[in-house]
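> got a predicted model here, sequence first, then my questions.
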Amino acid sequence: MKKKSIIPNMLSILRMLGTLALVFVQPVTLPFFVIYTLCGVSDVLDGWIARATDSTSELGSRLDSAADLMFYVVMMLRILPELVKRLPQGIWYWVGGILLLRAGLYLTVALRFHRFSAVHTYLNKLTGASVFLIPYFLNAAALRPVCFAACTIATVATAEEWALHLTAKSYHPERKTILRLHPEEKQK
């Protein structure tokens with residue numbers, strides 16, 4: 001039996017600890033950004049190392065999801081108030097629209113395929129990366145254009161995921177883009 005690496009799980013646990021540390025660090029400071037960056041890097045590395053070492057597991061997936069959820073909650077508490085101060089009201093309507101479309105998407109997938117799904121498409125990953133970069137621009141003139149770009153990417157990613165699920169005959173979470181047919185569609 002091949003021994004699985006514990007490094008991915010340790011990275012997820014470290015991300016949880018880093019996320020907790022962000023609660024106690026003043027936002028938009030050097031210590032905040034150092035911890036924030038380490039949390040982001042660990043999020044990328046844990047899954048990559050797990051796949052590269054054939055160490056993926058249910059426990060690892062749950063740890064990663066728990067770490068992600070903790071990170072999102074802390075970012076809403078620490079960064080969202082800073083964004084509300086700096087961004088125009090119109091962008092919040094756009095964000096609200098994206099969230100409503102996402103909620104509708106998750107409900108549609110649940111009803112159609114009887115499961116929750118947040119597919120890791122290339123555009124969804126790009127959305128995550130663009131949203132992750134926003135705090136670095138909090139004190140920059142480029143904040144509005146960066147947020148506009150992130151919302152544009154998120155809108156297109158949401159539309160793509162809707163198209164993926166509405167055109168599929170069965171559930172295929174491994175499909176990364178609408179531009180590539182799934183094997184079941186190629187056989188037509």
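Perfect, I can see it now. Numbers count the residues shown, from 1 in each chain.

> centre of the chain versus stretch 59-72, how much separation?
11 Å (C-alpha atoms, centre = their mean, to the nearest Å).

> and this protein, what are its domains?
Under the assignment named as automatic domain parsing, the residue ranges that make up the domains of the chain are 1-78, 86-180.

> would CSV of these with mean neighbour count be doable?
C-betas here are computed from N, CA, C, even on glycine. As requested, the domains of the chain are exported to CSV (neighbours: other C-beta atoms under 10 Å):
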stretch, mean neighbour count
domain 1-78, 16
domain 86-180, 15
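
> mean pLDDT added to those, as a markdown table?
Converted to a markdown table, these look like this (pLDDT from 0 to 100):
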| stretch | mean pLDDT |
| --- | --- |
| domain 1-78 | 92 |
| domain 86-180 | 93 |
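
> counting by contacts, list what the strand or helix carrying Gly18 packs against.
Using DSSP states H and E, the element containing Gly18 is helix 7-24. Packed against helix 7-24 by the contact rule (3 or more C-beta pairs under 8 Å, 6 or more residues apart in numbering; DSSP states H and E) you find helix 30-52, helix 58-78.

> mind checking those for the one nearest to Ala142?
helix 30-52 (16.0 Å; C-beta to C-beta).

> re the thing from before, redo the helices and strands packed on helix 7-24 as CSV? Include distance to Leu179.
Below are the helices and strands packed on helix 7-24 laid out as CSV (distance: least, C-beta to C-beta, whole Å):
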stretch, distance to Leu179
helix 30-52, 22
helix 58-78, 26
